[in-house]
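Give the three-dimensional model of this entry:
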Amino acid sequence: MKKAYKVMSSVALAGMIISGAAWGTAQAATQPSAKAQSAVSQRVTQEGVTLSVAKALYDGNHVRIELKRSGKGSDGKLVGGKIDEKTGDYLLGKGSISNIKMAINGKSINEYGGGDHAKRPTLIWGPKGNDTAVIYLTDASQLGGNLEAFPDKFQLTAEVDLEGYKKPFKLKIPVQKTAEKPVVVKPNVTKTSGNVTIKLNKATLTSTSSRLQLIMEGYKQHPEANQDILFDFVDDQGRIIERISGSGTDENNAKGDMYYDFVLEAVGKSAKSMTVKPFKPVVIDDGSGRFKLDGNGEIVKQYIKELEMAVSVK
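As a prediction, this is how the structure comes out:
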């Protein structure tokens with residue numbers, strides 16, 4: 001019998017975070033070039049376990065940090081735990097990340113935008129092997145309104161809680177935006193299908209990531225038509241462009257539009273364009289609210305051809 005997923009909101013299914021900080025399964029996608037990264041010697045040791053920052057990158061689209069754990073005493077992966085089959089509880093092993101707090105030049109990211117969830121930077125992290133975490137931090141500047149972007153240079157303070165350790169591991173990380181000049185494209189392409197209207201407003205491309213701003217116009221006026229729409233991204237050669245992070249909110253504009261901010265892996269050097277492919281997941285017609293899966297266990301997607309939008313990356 002095939003498995004089926006319980007219906008979640010479009011944001012949850014897409015692996016997106018609606019503002020604020022949360023545990024994430026960030027994509028360890030295209031690795032940034034060595035020249036774009038800076039080695040950071042910051043390290044903190046507690047009870048025989050050391051956390052160190054190996055690499056830090058800020059390309060203007062997002063901040064990417066590799067955090068490594070070494071030493072003895074940990075029995076869990078740095079990122080992730082397991083489900084207790086008897087109780088259903090999610091359990092973390094000793095030495096696994098339970099929480100991360102971030103501050104920029106001494107100001108907590110939770111204080112940005114006056115503490116409003118829809119105006120905060122997005123913080124997610126995911127695994128890269130058993131003893132390495134990749135942390136992604138993205139400002140809220142593309143979520144509508146006049147929201148604050150990260151400065152070109154700042155001091156990032158990370159307080160990392162590890163399961164089984166009393167005190168957080170506090171790391172101070174100098175961050176400097178790379179000298180690479182991004183390619184900024186404003187296609188202003190708008191597509192409509194029924195009560196759904198989506199605008200591809202902006203694309204910011206670097207050698208290490210791609211950032212897209214999409215606006216779903218009239219979201220609050222037609223929530224039943226808009227709320228289940230998700231997105232795939234492909235280049236002109238059919239290669240999937242993996243998502244690193246994504247945020248969305250309709251709270252930062254008076255029109256009730258939904259602003260989406262997606263950070264993706266960098267497009268390939270030979271790619272000439274990328275296409276946004278909106279879709280709706282197919283739901284099993286048995287009242288259970290479960291998604292239909294194909295033979296490979298993947299969600300069956302109903303693409304909305306009328307809403308597809310392409311942008312040149314050259």
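
can you map out the strands along the stretch 51-200 of the chain?
Secondary structure of the stretch 51-200 of the chain (DSSP state E, counting those that start in this stretch): strands at 63-71, 82-83, 90-91, 97-104, 107-108, 122-127, 132-138, 153-162, 169-176, 183-185, 189-193, 196-205.

Met258 versus Ser193, what's the distance?
15 Å (CB to CB, to the nearest Å). (Each C-beta comes from the backbone N, C-alpha and C, glycine too.)

higher neighbour count, the two?
Taking other CB atoms under 10 Å, Ser193 and Met258 do not tie; Met258 has more neighbours (24 against 15).

Which pLDDT value belongs to that one?
The per-residue pLDDT reported for Met258 equals 95.

cool, Asn201 as well?
Looking at Asn201, the pLDDT reads 96.

That one contacts Lys186, correct?
Yes - contact between Asn201 and Lys186 holds when scored by CB atoms under 8 Å: they sit 6.9 Å apart.

what about Glu308, neighbour count?
19.

What pLDDT does the model give it?
Value for Glu308, per-residue pLDDT: 98.

State whether it and Pro278 are indeed in contact, as I suppose.
Yes - the pair Glu308 and Pro278 qualifies as a contact (CB under 8 Å) at a distance of 7.0 Å.

Please parse the protein into its domains.
For the chain, automatic domain parsing gives the domain ranges 20-176, 183-312.

Return the member of those domains having the minimum mean pLDDT.
domain 20-176 (a mean of 86).

show me where the protein has helices.
10-13, 223-226 (DSSP state H).

Centroid-nearest residue for the protein?
Closest residue to the average C-alpha location of the chain: Ser245 at 1.4 Å, with CA atoms, centre = their mean.

what's across from that residue in the sheet?
Val263 (DSSP bridges).

gap between it and Asp286?
Applying CB to CB to Ser245 and Asp286 gives a distance of 33 Å.

didn't Asn105 look like it was pressed against Lys153?
No - when contacts are counted by CB under 8 Å, Asn105 is not listed as touching Lys153 (9.6 Å).

all strands for the stretch 201-314 of the chain, in order.
So, for the stretch 201-314 of the chain - with DSSP E, counting those that start in this stretch - the strands run 209-217, 230-235, 243-249, 258-265, 273-281, 290-291, 301-303, 309-312.

now for these, which one comes closest to Gly113?
strand 243-249 (10.6 Å; CB to CB).

Provide a list of residues in contact with Lys220.
By CB atoms under 8 Å, 6 or more residues apart in numbering, Lys220 lies in contact with Asp250, Gly256.

gap between the residue lying closest to Arg64 once chain neighbours are set aside and Gly144?
Residue nearest to Arg64 in three dimensions, not counting chain neighbours: Leu57, with 4.5 Å by CB to CB, 6 or more residues apart in numbering. Noted for Leu57: a distance of 26 Å to Gly144, by CB to CB.
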